[in-house]
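> Below is the structure, and that's it, no one-letter string:
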């Protein structure tokens, strides 16, 4: 496995790092093809926003240069970038100044069954709810126990993803994907100002929809609205778009809007 | 600094560890005197409960033996024990089977000003709210970004601690302490079934109060109740009990119930 810490080949990190102590950091999971990170600008923009909201000082240009060099060496697969607040003294107070630590991990692309993209997936209904924390909502931070608990709810591979709702029962996202509904030729995706992760592929889908002149609504979504959707799909930065075909006995067709966006995203990831 | 990983002297941890990736683990901060961990049974009991709730398989006897050996070598100070779910493949799904990783860090005891215990402390009113997540409430897990954000709200050392409320405005705890109210000779502390950390010193105070025949109520606490309290105090496993004397211009006296419990806890920590 290819792995770097602060730009140097390494497999270990200081046990004083605040990423371990408190999950005090952010991460990005980036598709890499022919030595190039895909959706690079969106990954870096999200990382920058996260760093600003956590007051984590970060040299974004250095991160970008390091990421590009890492992806060039990786060639094909997935690059995971972790940025932490670095080593800390004992206690929650962020060190002043702090020095961010950068971890890069390279892996082969996950072997998702082709049937997921072709025929759509079934969703497991996760009982684990997302807590509402506006200060952390949207960020891809390292506090991910809710996702760990949710993903541990099912082992049956018949479910490719799990549906997560917030503590008020609103439909939010998948465990590792964002969720879109299609209704009357328009798109609907959850408001992520209380919880959830603003995925880079979600941002890309929103941009592509705008370019196509498709109306998009970002707001709260009820379970009833989900069930009443014409089409439902998931997206993330690695697999692009998967149609959703079933949740708890409710079926959706794999429809034309999903297929149109899926093709666009596929060509973008493969380009 | 004395530090062990899985029982061996070490200063680094695998970058594949799920403690770093997801905050997928637990920790304990333990006072050590004359080579002995204080409140050991309570720390181990909380660790065990946390491991059960996170389905983290843990050999508690091995952890205890390792901790005792570590404290004997440390002599005096603070032992921080981190237990993670160990290394993982990519993805949130917990590896089956997983092998927990144990990290032990030794540090000198923090140099708290004696005036905190003697005259009481001022509380900073944290704007950061604790999200309500019953699945994680009470646990001392590694997802601590809320505490990082709360502790970053103040730098002025005039505030020894910060008060944290939940998203509904209920009074919960300090950033690194639990909070007790005294009213009419009785004790009141927050219900921690939605958020918060069930501190080992909180458990000890509850046990001591019971032994003294003092009535204790564990339930939701409003800000108005906090302000109306006769006495208020904080507790944690390192400093024992600190009286609280001020929050946003409201003053409390340092009263007899606080002093009585403080003396008992002090003798317990020093014994």
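Cool, the structure landed. Computed from a predicted model, the values in this text were never measured in an experiment.
> Secondary structure class of the nearest residue to residue A:216 once chain neighbours are set aside, three-state.
Excluding the flanking residues, the one nearest residue A:216 by Cβ to Cβ, 6 or more residues apart in numbering or on different chains is residue A:187, at 4.5 Å. Heads up, the C-betas are built off the backbone N, CA and C, glycines and all. Per DSSP: H, G, I helix; E, B strand; the rest coil, the secondary structure class of residue A:187 is strand.
> average model confidence for stretch A:197-204?
For stretch A:197-204, mean pLDDT is 98.
> Would you map the strands across the stretch 101-250 of chain A?
For the stretch 101-250 of chain A, the strands defined by DSSP state E, counting those that start in this stretch cover A:101-107, A:121-125, A:159-165, A:171-174, A:178-183, A:186-190, A:216-219, A:231-236, A:240-247, A:250-251.
> neighbouring strands for the shortest one, and are they parallel or not?
In other words, strand A:250-251. strand A:240-247 (antiparallel) (DSSP bridges).
> now the strands of the stretch 101-250 of chain A as TSV including mean neighbour count and mean pLDDT?
Formatted as TSV, these follow (neighbours: other Cβ atoms under 10 Å in any protein chain shown; pLDDT from 0 to 100):
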stretch	mean neighbour count	mean pLDDT
strand A:101-107	22	97
strand A:121-125	21	98
strand A:159-165	23	98
strand A:171-174	26	98
strand A:178-183	22	98
strand A:186-190	21	98
strand A:216-219	13	98
strand A:231-236	26	98
strand A:240-247	22	98
strand A:250-251	12	98
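> who touches the residue of the stretch 1-150 of chain A found nearest chain B in this structure?
Per Cβ to the nearest Cβ, the residue of the stretch 1-150 of chain A with the smallest distance to chain B is residue A:23, at 3.3 Å. Each residue near residue A:23 by Cβ atoms under 8 Å, 6 or more residues apart in numbering or on different chains is listed here: A:141-144, B:22-23, B:142-145.
> would CSV of those residues with distance to residue A:91 be doable?
CSV is the format used below for the contacts of residue A:23 (distance: Cβ to Cβ, whole Å):
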residue, distance to residue A:91
A:141, 19
A:142, 18
A:143, 18
A:144, 23
B:22, 22
B:23, 17
B:142, 15
B:143, 17
B:144, 11
B:145, 15
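> hang on, the earlier thing: now the strands of the stretch 101-250 of chain A in JSON lines, with distance to residue B:240?
Formatted as JSON lines, the strands of the stretch 101-250 of chain A follow (distance: least, Cβ to Cβ, whole Å):
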{"stretch": "strand A:101-107", "distance to residue B:240": "34"}
{"stretch": "strand A:121-125", "distance to residue B:240": "46"}
{"stretch": "strand A:159-165", "distance to residue B:240": "41"}
{"stretch": "strand A:171-174", "distance to residue B:240": "42"}
{"stretch": "strand A:178-183", "distance to residue B:240": "47"}
{"stretch": "strand A:186-190", "distance to residue B:240": "46"}
{"stretch": "strand A:216-219", "distance to residue B:240": "50"}
{"stretch": "strand A:231-236", "distance to residue B:240": "48"}
{"stretch": "strand A:240-247", "distance to residue B:240": "52"}
{"stretch": "strand A:250-251", "distance to residue B:240": "56"}
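> tally of neighbours for residue A:55?
Residues near residue A:55, counting by other Cβ atoms under 10 Å in any protein chain shown, number 12.
> In contact with it, which residues?
Contacts of residue A:55 (Cβ under 8 Å, 6+ apart): A:94, B:152.
> want to throw the contacts of residue A:23 into TSV with pLDDT and distance to residue A:13?
Formatted as TSV, the contacts of residue A:23 follow (pLDDT from 0 to 100; distance: Cβ to Cβ, whole Å):
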residue	pLDDT	distance to residue A:13
A:141	98	17
A:142	98	12
A:143	98	17
A:144	98	17
B:22	98	15
B:23	98	14
B:142	98	14
B:143	98	18
B:144	98	17
B:145	98	18
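> Can you tell me which of those residues are buried?
A:141-144, B:22-23, B:142-145 (16 or more other Cβ atoms under 10 Å in any protein chain shown).
> Out of these, the closest to residue A:102 would be?
Nearest to residue A:102 among those: residue A:142, at 13.3 Å, using Cβ to Cβ.
> coming back round to it: the residue nearest to residue A:216 contacts residue A:202, doesn't it?
No. Contact criterion Cβ atoms under 8 Å: residue A:187 and residue A:202 do not qualify, at 10.7 Å.
> Let me see the domain layout of chain A.
Chain A breaks down into these domains under automatic domain parsing: A:3-107, A:114-270.
> can you map out the helices along chain A?
For chain A, helices defined by DSSP state H occupy the ranges A:18-22, A:40-53, A:60-74, A:114-119, A:145-151, A:200-211, A:223-228, A:256-270.
> Now find how far off-centre the shortest one is within its chain.
This means helix A:18-22. Centroid separation for helix A:18-22 versus its chain: 21 Å, with Cα atoms, centre = their mean, to the nearest Å.
> Tell me which residues are up against it.
Helix A:18-22 is touched from outside by A:13, A:24-25, A:82, A:84-88, A:92, A:94, A:101, A:103, A:142, B:13, B:17, B:19-20, B:23, B:27, B:82, B:84, B:103, B:142-145, B:147-148, with contacts defined as Cβ under 8 Å, 6+ apart.
> cutoff 6 Å now
A:24-25, A:84-85, A:88, A:142, B:19-20, B:144, B:148 (Cβ atoms under 6 Å, 6 or more residues apart in numbering or on different chains).
> Can you list the buried residues in that helix?
Those buried within helix A:18-22 under the rule 16+ other Cβ under 10 Å are A:18-22.
> Please name the nearest non-neighbouring residue to the residue nearest the centre of chain A.
In chain A, the C-alpha nearest the mean C-alpha coordinate belongs to residue A:199, at 4.3 Å (Cα atoms, centre = their mean). With Cβ to Cβ, 6+ apart as the criterion, residue A:199 has its nearest non-adjacent residue at 4.4 Å, and that residue is residue A:178.
> For the one you found, give me its contacts.
By Cβ under 6 Å, 6+ apart, the residues touching residue A:178 are A:199, A:202, A:235.
> Kindly report the same for residue A:228.
No contacts exist for residue A:228 under Cβ under 6 Å, 6+ apart.
> Same check on the one 4 residues further on?
Applying Cβ under 6 Å, 6+ apart, we find residue A:232 in contact with A:181, A:244, A:252.
> I figured residue A:24 hits residue A:86, correct?
No. Because the distance of 8.9 Å does not satisfy Cβ atoms under 6 Å, residue A:24 is recorded as not touching residue A:86.
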